[in-house]
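1. for reference, the sequence and a predicted model appear below.
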Amino acid sequence: MKTLYLLRHAKSSWDKPSLSDLQRPLLPEGIARTEKLCRFMREQNIRPGIILCSPAVRTHETAKLIATATGYPSGDIHIKDPIYFGTAEQIWDLLFEIPESIESAMIVGHNPVLTWMANSLLGHPIDNLPTTGLAAFRFHTDQWTQLFLAAKETLFLTYPKYLP
C-alpha cells in the first residue's frame, strides 16, 4: 500500500511587494492554521515517509512545521523545482522515482496543480484546495509507478476551518 498526501502551503504574506513570489513567507495566520493541521496529523498518527516540497519559502516553512509535528527530520525535506515550476505530470514523475521502501509521500505545493491532482483522484471534484488544505489517498499497490493502475481510496480531505 502507498499513501499520498497533497498539502497546499499555508497562507502567505503579500506585505512586501519587493519580494519575488518564491520569497514570500508565511503569515502568522498561516502558521496558526498549520498548527491546527499538525494537531490533526498527530491525532491521526500521520507520519510521511518522505516530504517533497517546492522551492518557495512559504512551502518550505509549511513543510518544516509539518515535519516537526510528525517527527520527520526537517533536514530531509526534498526541495523539488517541478513542484513550483512544473506540471502535474512532472510531479507524478517525482512520485514515480520514490524508492519502493517508502510507504507514504507528502507533496507540499501550490495551486492550481494540487487541485488538479486532487481532482484526478477524488470521486467528487473540488473547486479549490485552500491554503493548508490536505488531501490523502491510499493506493493498493507496493509500487509508486503503479499508482494510476492501482485501486485507490480517498482517506480524507480536510482544511483548517474544519479542525478544532
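-> Thanks, I have it.
2. what pLDDT does Trp14 get?
-> Note for Trp14: predicted pLDDT of 84.
3. ok, Gln23 - contacts?
-> Residues in contact with Gln23 (Cβ atoms under 8 Å, 6 or more residues apart in numbering) are Ala56, Val57. In short, each C-beta sits where N, CA and C put it, glycine included.
4. that one and Ser54: what is the separation?
-> As for Gln23, its distance to Ser54 is 13 Å (criterion: Cβ to Cβ, to the nearest Å).
5. got it, and Leu26?
-> Distance of Leu26 to Ser54, computed by Cβ to Cβ: 14 Å.
6. phi, psi of the residue lying farthest from the centre of the chain?
-> Here the centre of the chain is the reference, and by Cα atoms, centre = their mean the most remote residue is Ser18, at 27.1 Å. When read as degrees, to the nearest 10, the backbone of Ser18 gives phi -70, psi -20.
7. use 467 as the first number from now on
-> Done: numbering now begins at 467, and the last item shifts to Ser484.
8. mind checking how far the top helix by length along the chain is from the chain centre?
-> With secondary structure taken from DSSP state H, the chain has its longest helix at helix 494-509. With Cα atoms, centre = their mean, to the nearest Å as the basis, helix 494-509 stands 13 Å off its chain's centre.
9. any idea how many residues pack against the residue lying closest to Pro626 once chain neighbours are set aside?
-> In space, and not counting its chain neighbours, Pro626 is closest to Arg499: 3.9 Å by Cβ to Cβ, 6 or more residues apart in numbering. Arg499 has 23 neighbours, counted by other Cβ atoms under 10 Å.
10. same check, this time on the one 5 residues further on
-> Neighbourhood size, Cys504 [other Cβ under 10 Å]: 19.
11. residues contacting it?
-> Contacts of Cys504 were listed using Cβ under 8 Å, 6+ apart, and they are Leu531, Ile532, Thr534, Ala535, Thr536.
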